[in-house]
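Participant: Fold the following.
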Amino acid sequence: MSYRLLRPLLFLAESEQAHAWALEALRRIERLGSGTLHRAGALAPLLSTLRGGADALPPETPVELLGLRFPNRVGLAAGFDKDATCVDGLGGLGFGFIEVGTVTPRPQSGQPKPRVFRLAAAEALINRMGFPNDGAARVAERLMRRKYSGIVGANIGKNADTPLERAVDDYVACLEMLYAVVDYVAVNISSPNTAGLRDLQDAERLAPILAALLECRERLEKRSSRHVPLLVKLSPDLSDAALAACTNLLRSSGIDGVIATNSTVSRQYVSGLPNANEAGGLSGAPLRHLSLHVVRQLRQRLGPKFPIIGVGGIHNAQTATEMRVAGADLVQVYTALVYEGPRIVTDLRRALALAPPKPVAAAF
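Facilitator: You can find the predicted model right below:
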């Protein structure tokens, strides 16, 4: 059954419940894939249908970035598989990298339900999840058992009951627990759904957090003889001045890369739609212009070689290419997977393989 036929049935359910069903379906396919059916090749037609004819992809050149080798440029953004319960199943959809989380040191339940809302007319979601997750220790255990051979990153945050002045302790604790089982770590200081979290994007508050994480990484690197890149995930709602200050810090701190952007509190492009007044972060197609603006600014300020992962508003081949032209080395999707289904991965991979953009010149 194609996703176009399945989606109306999924959309009859509450958003978070439908999401849970989708993950469970992928886990079931994953379990089949590890058994007799997979060895007999019987799953190949099913996986090909889910991916939208991935066998017809043009040749793709792996991407060398952050000291890592990405099989392709299309990744899954944090938030879809918060607890790393479905990495192998999601990997079967053709992603070049998967980011799990957001993960906090201690398990927490997040905000009260309902907390995810569809804005179907705009191909958007609003969520106020508040980092529900099983905690870094359990996520690390699951990641240790994964079979997916692509790149896996972990998005880390602070527990809701941790005061902002102690946030650094939570980020360091997450890094220590996940370091051995991930390929990179994304520092989430930009979710609108944990009270005060976005205040940490202020350069004066962010500097000591990054310094502590870099110091911790140095210790872990010496102990393990492996280097795990650190990236910072930024908000699309930063003013140009705040973004400039943040960019200066990123460039001087030794951080390896940046992810742009998280969800937005703006309702500029969805005003008047059902559910548009729900509190939380807006993701999906309406985020496109905000995210592109931030990525362009980052590329101009950081120069041509600083790694940038672009996310937000990517929902078809055109918008993925726009993000690359704006300066993103890699792209991520989340909401597009909800509305377009698994074939979006193949569509984006095909677009980025066929139409590599010209390099973006730095402004300095």
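Participant: Quick one: neighbours of the nearest residue to residue 297 once chain neighbours are set aside, just the number.
Facilitator: Using C-beta to C-beta, 6 or more residues apart in numbering and skipping the chain neighbours, the partner closest in space to residue 297 is residue 243 (5.7 Å). C-beta here means a position set from N, CA and C on the backbone, and glycine is covered the same way. As a burial measure, residue 243 scores 21 neighbours (other C-beta atoms under 10 Å).
Participant: so who does residue 243 touch?
Facilitator: 234, 294, 297-298 (C-beta atoms under 8 Å, 6 or more residues apart in numbering).
Participant: where's it, which helix or strand?
Facilitator: helix 240-253 (DSSP states H and E).
Participant: where does the residue nearest to residue 297 land on pLDDT?
Facilitator: The model reports residue 243 with a pLDDT of 95.
Participant: Could you check how far it is from residue 177?
Facilitator: Distance of residue 243 to residue 177, given as C-beta to C-beta, to the nearest Å: 31 Å.
Participant: next one: residue 58
Facilitator: 40 Å.
Participant: try residue 189
Facilitator: 19 Å.
Participant: what about the two, which has more around it?
Facilitator: residue 189 (27 against 20).
Participant: Quickly note the distance from the more buried one to residue 307.
Facilitator: 18 Å.
Participant: again with residue 79
Facilitator: From residue 79 across to residue 307, the span is 21 Å (C-beta to C-beta).
Participant: Looking only at neighbour counts, state which of those two leads.
Facilitator: residue 79 (26 against 21).
Participant: Could you report the neighbour count for the closest residue to that one other than its chain neighbours?
Facilitator: Leaving aside its chain neighbours, residue 79 sits nearest to residue 334 (5.6 Å; criterion: C-beta to C-beta, 6+ apart). Residue 334 sits with 22 neighbouring residues when counted by other C-beta under 10 Å.
Participant: what residues are up against residue 334?
Facilitator: So, once contact is read as C-beta under 8 Å, 6+ apart, residue 334 ends up touching 76-80, 283, 311.
Participant: Over to residue 143?
Facilitator: Applying C-beta under 8 Å, 6+ apart, one finds that residue 143 lies in contact with 84, 87, 100, 152, 154, 178, 181-182.
Participant: Try it again at 7 Å.
Facilitator: By C-beta atoms under 7 Å, 6 or more residues apart in numbering, the contact set of residue 143 is 84, 152, 181-182.
Participant: Just those residues: which are in strands?
Facilitator: residue 152 (DSSP state E).
Participant: Mind putting the contacts of residue 143 into TSV with neighbour count, distance to residue 352 and pLDDT?
Facilitator: Formatted as TSV, the contacts of residue 143 follow (neighbours: other C-beta atoms under 10 Å; distance: C-beta to C-beta, whole Å; pLDDT from 0 to 100):
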residue	neighbour count	distance to residue 352	pLDDT
84	28	26	97
152	23	20	98
181	18	28	98
182	25	24	98
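Participant: Which single one of the contacts of residue 143 is nearest to residue 139?
Facilitator: residue 84 (4.9 Å; C-beta to C-beta).
Participant: Just want the most central residue of this protein.
Facilitator: Note on the chain: the residue nearest the mean C-alpha position is residue 77, at 1.9 Å, using C-alpha atoms, centre = their mean.
Participant: wait, isn't that one in contact with residue 99?
Facilitator: Yes: look at residue 77 against residue 99 with C-beta atoms under 7 Å: they come within range, at 6.0 Å.
Participant: sorry, back to before: could you report the distance from the residue nearest to residue 79 to residue 328?
Facilitator: 15 Å.
Participant: quick one on the thing from earlier: need the overlap of contacts for residue 77 and residue 99.
Facilitator: residue 332.
Participant: where along the stretch 151-300 of the chain do the strands fall?
Facilitator: Remark: strands assigned in the stretch 151-300 of the chain by DSSP state E, counting those that start in this stretch are 151-156, 184-188, 230-234, 257-260, 281-284.
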